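Everything below, folded, please.
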Amino acid sequence: MQPFPQALRAILTVLWVGGLWVIGVVVAPILFQQLDHAQAGRVAGALFRAMAWIGIVAGGYLVLDLLWQAGLAAFRSRTFWLLMAMLTLTLVNHFAVFPVIAALKPQMHAAAEGVFGGGFQSWHTISSLIYLLQSLLGLALVAAPGDSRR
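Okay, here's the model as predicted:
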């Protein structure tokens with residue numbers, strides 16, 4: 001049996017990275033196939049917000065744990081920089097991009113008529129690209145050969 005800190009690192013990594021992929025690749029597309037667009041968007045938005053909080057908690061713990069375990073040597077590890085990139089992207093998406101998208105949602109009907117020039121779609125695309133980059137960094141994190149501390 002693994003020591004508790006090591007087991008917690010593994011669980012949080014699986015929850016964060018696995019959650020990103022399951023929601024982004026499996027759940028969200030199914031929602032948009034099975035529900036009307038507005039309802040699917042609301043449910044997907046709630047899931048993405050939940051994943052952001054999971055990422056903030058998991059990423060924060062994983063970074064702090066790595067710093068605690070490795071000290072300043074953590075700054076030379078690939079894992080540290082992958083975690084920092086993922087955590088930063090999570091924070092940017094959740095606290096900078098999501099609020100803009102939420103503010104633009106009420107204007108979507110006007111945007112569809114061309115009044116606002118598609119601002120919602122542009123921000124949604126930015127958010128999607130951030131999420132994709134986060135997911136790919138997560139794959140790099142879990143696919144790293146050998147010790148996860150590198």
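
for this structure, what helix or strand is lowest in average pLDDT?
Lowest by mean pLDDT, DSSP states H and E among the helices and strands of the chain is helix 108-112, with a mean of 54.

wait, what's in contact with Ile126?
Val97 (C-beta atoms under 8 Å, 6 or more residues apart in numbering). C-beta here means a position set from N, CA and C on the backbone, and glycine is covered the same way.

Going by neighbour count, list what's buried in the helix or strand containing it.
Ile126 is part of helix 119-143, with elements assigned from DSSP states H and E. By neighbour count on 16 or more other C-beta atoms under 10 Å, the buried set for helix 119-143 is 119-120, 123-124, 126-127, 130-131, 134-135, 137-138, 141.

now, which of the residues you listed sits nearest Ile56?
Gln134 (12.0 Å; C-beta to C-beta).

end to end, how far does stretch 27-38 reach?
15 Å (C-alpha to C-alpha, to the nearest Å).

Show me the contact partners of that stretch.
40, 43-44, 47-48.

And the average pLDDT for the helix holding Ile126 is what?
Regarding helix 119-143, the rounded mean pLDDT is 94.

that older thread, for the contacts of stretch 27-38, pick the one with the most neighbours.
Phe48 (21 neighbours; other C-beta atoms under 10 Å).

Am I right that that one is in contact with Gln134?
No - taking contacts as C-beta atoms under 8 Å, Phe48 lies outside contact range of Gln134: 10.9 Å.

From the chain's centroid, how far away is the longest helix seen in the chain?
The helix that spans the most residues within the chain, counting by DSSP state H, is helix 37-70. Distance of helix 37-70 from the chain centroid (C-alpha atoms, centre = their mean, to the nearest Å) equals 6 Å.
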